[in-house]
Structure formats: C-alpha cells, structure tokens
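>>> I need the structure of the sequence given here:
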Amino acid sequence: MGVSIILGLAAIRSRDIARRRAWMARAYALALGAGRVINLAVAEWFIRRPSARRARRARTRAALAGSQ
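Below is the predicted model:
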C-alpha cells in the first residue's frame, strides 16, 4: 500500500493524472482489504480464545468428577 501511495505521489508530481488515479485506487483497495483481514483475524481470535471463566469451570468440574 505504501509503494502504491508513493507511486501515486510521483505520478501527480509529473502531472500524470490518470496514472495517479490508478495508483491511488490500488492503494485504497489494499487498505480496505488489509483492514478487513486484520479485523477478521482479531474477531476470530476473540471468539475462539478460551475464556478464563470457562477454563476455571472445566477444571472445577474435572476435580469434582475425580473426587467422586
């Protein structure tokens, strides 16, 4: 994404509007894609991580079952 922005800036300095528009569209698309993937990864981690309460409850149940 950073390279796309730099190339877009270089294109606008040389007054090549069409090339600048293409590079900035690429940078925008990459930013949206990266942002969605990162958010998805964090959400999946949060959903799938074992909570401390569930883990503690499972240990208590196992201890009670073992003592009977």
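>>> for this structure, give me the ranges with low pLDDT.
The model of the chain has pLDDT under 70 over residues 51-55, 67-68.
>>> now do the helices in it.
2-13, 17-48, 52-67 (DSSP state H).
>>> let's have these in TSV, adding mean neighbour count.
Just so you know, the C-beta spots here come from the backbone N, C-alpha and C atoms, and that holds for glycine as well. Output for the helices of the chain, formatted as TSV (neighbours: other CB atoms under 10 Å):
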stretch	mean neighbour count
helix 2-13	14
helix 17-48	12
helix 52-67	9
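>>> my guess is G8 contacts L30. True?
No - counting by CB atoms under 8 Å, G8 sits too far from L30 to count as a contact (11.8 Å).
>>> so what's the residue positioned nearest the centre of the chain up against?
The C-alpha lying nearest the average C-alpha coordinate of the chain belongs to I38 (CA atoms, centre = their mean; 0.3 Å). By CB atoms under 8 Å, 6 or more residues apart in numbering, the contact set of I38 is empty.
>>> ok, now how distant is it from E44?
11 Å (CB to CB, to the nearest Å).
>>> need the overlap of contacts for those two.
Common contacts of I38 and E44 (CB under 8 Å, 6+ apart): none found.
>>> chain center to stretch 32-44: distance?
Chain-centre distance of stretch 32-44: 3 Å, with CA atoms, centre = their mean, to the nearest Å.
>>> nope, stretch 59-68 is what I meant
Put simply, stretch 59-68 sits 40 Å off its chain's centre (CA atoms, centre = their mean).
>>> need the CA coordinates for it. CSV is fine.
The C-alpha coordinates for stretch 59-68 follow below in CSV (Å, rounded to 0.1, in the frame of the first residue of the first chain):
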residue,chain,number,x,y,z
ARG,A,59,-11.2,-27.5,36.0
THR,A,60,-13.7,-27.4,38.8
ARG,A,61,-16.0,-30.0,37.1
ALA,A,62,-13.0,-32.3,36.4
ALA,A,63,-11.8,-32.0,40.0
LEU,A,64,-15.3,-32.8,41.3
ALA,A,65,-15.7,-35.8,39.0
GLY,A,66,-12.3,-37.1,40.0
SER,A,67,-13.2,-37.0,43.7
GLN,A,68,-16.4,-39.0,43.4
